[in-house]
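S.K.: Model the structure of this input:
(chains A, B, C and D)
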Protein chains: 2
Amino acid sequence: MTGHPNESEGSPLPLRERKKLRTRRSLADTALRMFLERGYHEVTLEELVSTVEVSMRTFFRYYSSKEEVAMAAENELWDGYADEVARRQITGPVLAHLRECYASAVRGLPTDWTQRYLACRGLAARTPALRVYHAGTTQDLQLRIVEALEKEFDTDSREDVRLRLAADMALAAVRYGTKNWMRANRHRSRPGNAETLIAEVAQAFDALPGALTLTADTPPDTA
Amino acid sequence: MTGHPNESEGSPLPLRERKKLRTRRSLADTALRMFLERGYHEVTLEELVSTVEVSMRTFFRYYSSKEEVAMAAENELWDGYADEVARRQITGPVLAHLRECYASAVRGLPTDWTQRYLACRGLAARTPALRVYHAGTTQDLQLRIVEALEKEFDTDSREDVRLRLAADMALAAVRYGTKNWMRANRHRSRPGNAETLIAEVAQAFDALPGALTLTADTPPDTA
DNA sequence: GCAAAATATGCCAGTCACTGGCACTATGCC
DNA sequence: GGCATAGTGCCAGTGACTGGCATATTTTGC
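M.R.: Prediction:
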């Protein structure tokens, strides 16, 4: 009576999976909080796992590295973005398509995600090891996006670099849009939400054509 | 009598510096050779330093990580590229400028560099840890380039993202140009030299405008 | 409810990249 | 030759990460 697998049909996940999810979240949340309070390198994994009360071995069954647990929030976004690109059918300009996929992915995340993302990116900004990890996952994402897009075109991207270049441009827009979003977040006292993030990224997308033709003779303040 | 500091004026570097250079090169060359023969993870630093006959402590005075010594050839290029951008005065389109700087940097490297570069990139392609490191150094390079370019413009790039986006596009072109160069190198039996690398990268630069406007309705094989 | 199969977890011992501190040694300068 | 200034080696330690096996906890079939 105490623990029927589905007491009502309200719980879609098996009980075991729920517990795993809870452990996973607990690890990521606790890690992020500790890293923010005391600094990434000042917190050892031993301290983390003893706080969450799991063994070291178990930690590595959930996350494959210390960096990964710190950047869990970003990986949620990357996964959502890549999934969105894989799911949607592309019509029209590639860059506009990718911008839409990104916006959908951000909107598909839980409401508390924004704060976690802001926190982990802030941490990464002052932690070289995390910056390197971030660069790695971004490159990974780029690969996943190209592979997903490639299925919609008949030529493969090894022959024609334009698809890969377009994916890279989109990623650059995401990168700098996010950067500006975080910067704005530091200056204004307002917390900044998912929609302002999407807006910043959209703005960076819009700046792409101007970047392509940017010259030294007409400096960039002609906007 | 056996070792006067400057027997003739033919040695521009102090004897001590020459020895340091020699150790540095020896470490990088030996490391690359061992990694290629037996795989990156199968070679421990202990084996490397005992082969080169320096202590572990000394190794870390030359290279700050195992990844760095493996990718030494690439770092030479990145340093040369960043230096070139910092040195040259920019005129005209930013992207054309960056393409020229890259070409100059490649031409400024020693003749044996090409083979080492090919080798270390090939190794990185099949070694996840090195791919991550590579992503990190690339992001670092991007930052250096933006900082150098920023001095030539009066606006800083935080206000206007176009400069950063342009630097990113240039880097994407370098990335995929290099990728195609390596691929061509596997297929053709000819070794591939600095000029073919520059040509591939230039080709990728030329593809940038087409990537910007790439659409799903007119597939990429319309070239 | 209960055994059996499947899965998750914990413990232990080990490897390896990387670091700080100090003594030692070789080079450059006079 | 002698002194200051490096570069180097040794040692002991930390901390991330892994393999193997025993243990606990669900789930499944009855």
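S.K.: Quick check: phi and psi at A:Thr215.
M.R.: In terms of degrees, to the nearest 10, the main-chain angles of A:Thr215 are phi -130, psi 160.
S.K.: how far away is it from A:Ala199?
M.R.: Noted for A:Thr215: a distance of 28 Å to A:Ala199, by Cβ to Cβ, to the nearest Å. Where you see a C-beta, it was placed from the backbone N, CA and C, and this is true even at glycine.
S.K.: list the contacts for A:Leu130?
M.R.: Shown in contact with A:Leu130 (Cβ atoms under 8 Å, 6 or more residues apart in numbering or on different chains): A:Tyr40, A:Glu67, A:Ala70, A:Met71, A:Leu123, A:Ala124.
S.K.: rerun at 6 Å
M.R.: A:Glu67, A:Ala70, A:Ala124 (Cβ atoms under 6 Å, 6 or more residues apart in numbering or on different chains).
S.K.: closest to chain B among the residues you listed?
M.R.: Closest approach between the contacts of A:Leu130 and chain B, by Cβ to the nearest Cβ: A:Glu67, at 9.3 Å.
S.K.: Check which helix or strand the closest one maps to.
M.R.: Take DSSP states H and E as the rule and A:Glu67 turns out to sit in helix A:66-70.
S.K.: and stretch A:108-127, what's its mean pLDDT?
M.R.: Per-residue pLDDT over stretch A:108-127 has a mean of 97.
S.K.: coming back round to it: who does the helix holding A:Glu67 touch, helix- and strand-wise?
M.R.: Helix A:66-70 sits against helix A:15-38, helix A:128-150, with contacts defined as 3 or more Cβ pairs under 6 Å, 6 or more residues apart in numbering or on different chains; DSSP states H and E.
S.K.: ranking those by mean pLDDT, which is last?
M.R.: With a mean of 93, helix A:15-38 has the lowest mean pLDDT of those.
S.K.: Which other helices and strands does that one contact?
M.R.: Packing partners of helix A:15-38 (3+ Cβ pairs under 6 Å, 6+ apart): helix A:45-52, helix A:66-70, helix A:113-125.
S.K.: Tell me which of those helices is the most buried.
M.R.: Ranked by mean neighbour count, the helices and strands packed on helix A:15-38 are led by helix A:66-70 with a mean of 22 (mean count of other Cβ atoms under 10 Å in any protein chain shown).
S.K.: Rounded mean pLDDT for the following helix or strand past that helix, please.
M.R.: Downstream of helix A:66-70, the next assigned helix or strand under DSSP H and E is helix A:72-87. For helix A:72-87, mean pLDDT is 97.
S.K.: Which neighbouring elements make contact with helix A:72-87?
M.R.: By 3+ Cβ pairs under 6 Å, 6+ apart, helix A:72-87 packs against helix A:94-107, helix A:113-125, helix A:128-150.
S.K.: Which element is encountered next along the chain beyond the longest one?
M.R.: On the C-terminal side of helix A:128-150, the closest following helix or strand by DSSP H and E is helix A:162-187.
S.K.: And that next one, what does it pack against?
M.R.: Using 3+ Cβ pairs under 6 Å, 6+ apart, helix A:162-187 sits against helix A:94-107, helix A:128-150, helix A:194-212, helix B:162-187, helix B:194-212.
S.K.: Among those helices, which comes closest to DNA strand D?
M.R.: helix A:128-150 (9.2 Å; Cβ to the nearest atom of the strand).
S.K.: Would you mind listing the buried residues in the closest one?
M.R.: A:130-142, A:144-146, A:148-150 (16 or more other Cβ atoms under 10 Å in any protein chain shown).
S.K.: So what's the gap between the helix holding A:Glu67 and the chain middle?
M.R.: 13 Å (Cα atoms, centre = their mean, to the nearest Å).
S.K.: Quickly check: that helix near DNA strand D or not.
M.R.: Yes - under the criterion of Cβ under 7 Å from any atom of the strand, DNA strand D is reached by helix A:66-70 at A:Lys66, A:Glu67.
S.K.: Contacts for that helix, please.
M.R.: Against helix A:66-70 from outside (Cβ under 6 Å, 6+ apart): A:Leu27, A:Ala28, A:Ala31, A:Phe35, A:Leu45, A:Tyr63, A:Leu130, A:Tyr133.
S.K.: let's see 7 Å
M.R.: Outside helix A:66-70, the residues within contact range by Cβ atoms under 7 Å, 6 or more residues apart in numbering or on different chains are A:27-28, A:31-32, A:35, A:40, A:45, A:63, A:120, A:123, A:129-130, A:133.
S.K.: cool, and stretch A:89-103?
M.R.: A:81, A:84-85, A:88, A:149, A:152, A:166, A:169-170, A:174, A:198, A:201-202, A:205, A:208, B:212-217.
S.K.: May I have it as CSV, with CA atoms only?
M.R.: Extracted C-alpha coordinates of stretch A:89-103, given in CSV (Å, rounded to 0.1, in the frame of the first residue of the first chain):
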residue,chain,number,x,y,z
GLN,A,89,11.9,20.4,-40.4
ILE,A,90,13.8,23.2,-42.0
THR,A,91,12.2,25.7,-44.4
GLY,A,92,13.7,28.9,-45.6
PRO,A,93,17.0,30.4,-44.4
VAL,A,94,19.2,28.2,-42.3
LEU,A,95,20.1,31.0,-39.9
ALA,A,96,16.5,32.0,-39.2
HIS,A,97,15.7,28.4,-38.6
LEU,A,98,18.5,28.0,-36.1
ARG,A,99,17.4,31.1,-34.3
GLU,A,100,13.9,29.8,-34.0
CYS,A,101,15.1,26.4,-32.7
TYR,A,102,17.2,28.1,-30.1
ALA,A,103,14.3,30.2,-28.9
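S.K.: Could I get the buried residue list for that stretch?
M.R.: So, applying 16+ other Cβ under 10 Å, buried residues of stretch A:89-103: A:Ile90, A:Pro93, A:Val94, A:Leu95, A:His97, A:Leu98, A:Arg99, A:Glu100, A:Cys101, A:Tyr102, A:Ala103.
S.K.: For DNA strand D, give me its nearest residue in chain A.
M.R.: For chain A and DNA strand D, the shortest gap (Cβ to the nearest atom of the strand) falls at A:Arg16, measuring 3.2 Å.
S.K.: number of nearby residues for that residue?
M.R.: When neighbours are counted by other Cβ atoms under 10 Å in any protein chain shown, A:Arg16 registers 9.
S.K.: Can I get the helices and strands packed on helix A:15-38 in JSON lines including distance to A:Thr23?
M.R.: Listed next are the helices and strands packed on helix A:15-38 as JSON lines, based on distance: least, Cβ to Cβ, whole Å:
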{"stretch": "helix A:45-52", "distance to A:Thr23": "8"}
{"stretch": "helix A:66-70", "distance to A:Thr23": "12"}
{"stretch": "helix A:113-125", "distance to A:Thr23": "17"}
